[in-house]
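Participant: Fold the following.
(one chain, ligands or ions: 3)
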Amino acid sequence: MFSCKICSGHIDLIHDFGRMPIANHYLKTAQADEFFYHLQLLLCQKCSMIQLGECVAPSQMFHENYHFISSTSQNMSHHFERTAFDFLQLVQSRRDPFIVEVGCNDGIFLKHVACQGFRHLGVEPSKNVAQASRAKGIQIIEDFFNEKSALKIFNDKGPVDILYGANVITHIEDLASVMKGASALLKKDGWFIFEDPYFPHVMEKGAFDQIYDEHIYYFSVLSVDCVARSFGFKLVDVSPQPVHGGSMRYYLRSSQSSAQPKAVVGKYLQLEQKMGLNALSGYLKFCEKINQNACSLKNMLRKIKEEKNQIVGYGATAKSSTLLNYSKIGVDLLDYITDNTPPKIGKFSPGQHIPIVSHERFVEDHPAYSLLLAWNHKEEIFLKEASYRNNKGKFITYVPQLEIV
Ligand code: DWN
Ligand code: SAH
Ligand code: ZN
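Facilitator: Numbering: from 1, shown residues only. Ligands and ions are numbered 1, 2, ... in the order given. Reported below is the predicted structural model:
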């Protein structure tokens, strides 16, 4: 039995996905053994935090061979360039501001801070991507962000103006330690800013593939507001971001700061309360969608295959691990998955062991159908694949709805 990881409150099951492999664990051979855990999505009705039950140890997910590399998307590179510009404006009038990023990966954001000579630090436990950041002239500590590493940064380098984390705060089970670390590290008038997929959007889109081992928490404004209050912060602003299918950026400041929450925070809190996100009944529709979406996609793939068409996957995403393993879509339906990440190529997908191949192979093959597993990068991929689509190549998308385009 689990209790809430944040407030120890009673917890209810939203959906059980069964046994799952580690989403970013690509195998060297199709026969290799792998680790499975039990993927269950739970809700705490007391603090509204949606969370996983069993969690994989961080060292099994984030290590010297982490397979997700941020700069594989040009759209995301632009997103983080704009973000750096906005954050530097927030602190430009301060004397020698210091910006720390949690989970900086290959430096997709921090390179824009470093190249302008600002004091900065990336905290990144996965050695391969930490190394890629260093190669771009970024200051890095190879460590997990928590209260202990935050205190060390504070003692070695002093207080921080902006602490930022994109697609990482949801990845850290010990959120209390993150909040205490942030509190110890930040200046009194500092900012703790983070962004993650916004769970109400995940539900709206029926994007259940966003649920996997790395995503331990599924934030809403309600749940982040509650966490902020519990750890001496206040949520003063929120800003929707058009990435990863709909993210939310949260701006936290010390509860002692004079900053007042913007009206938009109250607007979202009201909206989410109306949606019933603090009660299990608010999730029933989403649960129905999970099985409907999984079934209708599999039926469509079966039909296309029965008509003797080749189907491949496009984008070996972490998300696709949940989709393919939950729906049991394997090599009988997808010949391979094409991806532009060098370390993924030549390996096999977790659980279903589908081969991962290069983009060159995809271009050579010109398969009749491609299942868009990287649906969050649809615009970028459709631009890149204009010639494939103009030459009878078809994409199957399943989020936000199932269609052939
Ligand atoms: O939160 C997380 C996000 C930021 O990244 C992590 N937990 C893990 C990871 O999740 P993901 O793998 O679902 O992220 P993406 O950004 O949807 O992955 C896209 C994949 O598609 C990458 O492997 C790169 C690949 N890709 C491609 O082959 N051609 C992407 C683009 C844009 C392309 O043109
Ligand atoms: N911020 C990037 C990367 C997101 S993937 C982007 O948005 O594209 C998550 C990253 O966080 C990985 O690089 C992983 O190694 C790192 N990470 C995981 N747990 C962490 C922790 N406790 N502290 C710091 N980084 C962490
Ligand atoms: Zn709780």
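
Participant: Next SSE downstream of the helix or strand hosting residue 321?
Facilitator: For residue 321, the enclosing helix or strand under DSSP states H and E is helix 319-327. Heading C-terminal from helix 319-327, the first helix or strand you meet, by DSSP H and E, is strand 337-338.

Participant: so what strands line up beside that next one?
Facilitator: On the basis of DSSP bridges, the sheet neighbours of strand 337-338 come out as strand 311-314 (parallel), strand 356-357 (parallel).

Participant: Can you name the residues bridging to whichever residue of the stretch 51-200 of the chain sits closest to ligand 3?
Facilitator: Of all residues in the stretch 51-200 of the chain, residue 51 sits closest to ligand 3, at 8.3 Å by CB to the ion. (Each C-beta comes from the backbone N, C-alpha and C, glycine too.) Residues in a beta bridge with residue 51, per DSSP bridges, are residue 42, residue 217.

Participant: Pretty sure it sits against residue 42.
Facilitator: Yes: here residue 51 reaches residue 42: they are 5.6 Å apart, a contact under CB atoms under 8 Å.

Participant: Mutual contacts of these two, please.
Facilitator: When contacts are counted by CB atoms under 8 Å, 6 or more residues apart in numbering, residue 51 and residue 42 have residue 11 as shared neighbours.

Participant: More neighbours: which of those two?
Facilitator: residue 51 (25 against 20; other CB atoms under 10 Å).

Participant: and whichever residue of the stretch 101-250 of the chain sits closest to ligand 2, what is it in contact with?
Facilitator: Ranking the residues of the stretch 101-250 of the chain by distance to ligand 2 (CB to the nearest ligand atom) places residue 103 first, at 2.6 Å. Taking CB under 8 Å, 6+ apart as the criterion, residue 103 is in contact with 123, 124, 145, 165, 166, 167, 168, 171.

Participant: Which ones, among these, also lie beside ligand 3?
Facilitator: The subset of those lying close to ligand 3, counting by CB under 5 Å from the ion, is empty.

Participant: Looking at those residues, which one is closest to ligand 1?
Facilitator: For the contacts of residue 103, with ligand 1 as the reference and CB to the nearest ligand atom as the criterion, the closest is residue 167, at 3.7 Å.

Participant: Could you check how far that closest one is from residue 109?
Facilitator: When CB to CB, to the nearest Å is applied, the distance between residue 167 and residue 109 equals 11 Å.

Participant: out of those two, which sits in the more crowded spot?
Facilitator: residue 109 (29 against 20).

Participant: Where do the helices of this structure begin and end?
Facilitator: In the chain, the segments counted as helices under DSSP state H are 58-61, 74-91, 110-114, 127-134, 147-157, 175-185, 199-205, 221-230, 263-275, 284-306, 319-327, 359-365, 378-384, 386-390.

Participant: Of those helices, which is nearest residue 243?
Facilitator: Distances from residue 243 to each of the helices of the chain were compared by CB to CB, and the smallest falls on helix 74-91, at 5.3 Å.

Participant: Restricted to strands, list the contacts of residue 103.
Facilitator: Where the contacts of residue 103 overlap with strands, as defined by DSSP state E, the overlap consists of 123, 165, 166.

Participant: got CSV for these, with neighbour count and pLDDT too?
Facilitator: CSV is the format used below for these (neighbours: other CB atoms under 10 Å; pLDDT from 0 to 100):
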residue, neighbour count, pLDDT
123, 24, 99
165, 25, 99
166, 26, 99
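
Participant: Contacting ligand 2 as well, which ones from the contacts of residue 103?
Facilitator: Among those, the residues that sit close to ligand 2 (CB under 6 Å from any ligand atom) are 123, 124, 145, 166, 167, 168, 171.

Participant: gap between the first one and residue 58?
Facilitator: When CB to CB is applied, the distance between residue 123 and residue 58 equals 13 Å.

Participant: Quick check: neighbours shared by these two?
Facilitator: If you check residue 123 and residue 58 against CB under 8 Å, 6+ apart, the residues they both contact are residue 144.

Participant: So for residue 62, which of the strands paired with strand 337-338 sits nearest?
Facilitator: It's strand 356-357; of those, that one is closest to residue 62 (CB to CB) at 20.0 Å.

Participant: contact partners of the closest one?
Facilitator: 26, 316, 336, 337, 338, 339, 344, 345, 346, 347, 348, 349.

Participant: Quick one: buried ones out of those residues?
Facilitator: Buried residues within the contacts of strand 356-357, counting neighbours by 16 or more other CB atoms under 10 Å: 26, 316, 336, 337, 338, 339, 344, 345, 347, 348, 349.

Participant: Tell me which residue in the stretch 251-400 of the chain sits closest to ligand 2.
Facilitator: Each residue of the stretch 251-400 of the chain has a distance to ligand 2, by CB to the nearest ligand atom, and the smallest belongs to residue 318, at 8.6 Å.

Participant: List the contacts of the nearest residue to that residue once chain neighbours are set aside.
Facilitator: In space, and not counting its chain neighbours, residue 318 is closest to residue 23: 4.0 Å by CB to CB, 6 or more residues apart in numbering. With contacts defined as CB under 8 Å, 6+ apart, residue 23 is in contact with 212, 213, 214, 318, 319, 321, 322, 350.
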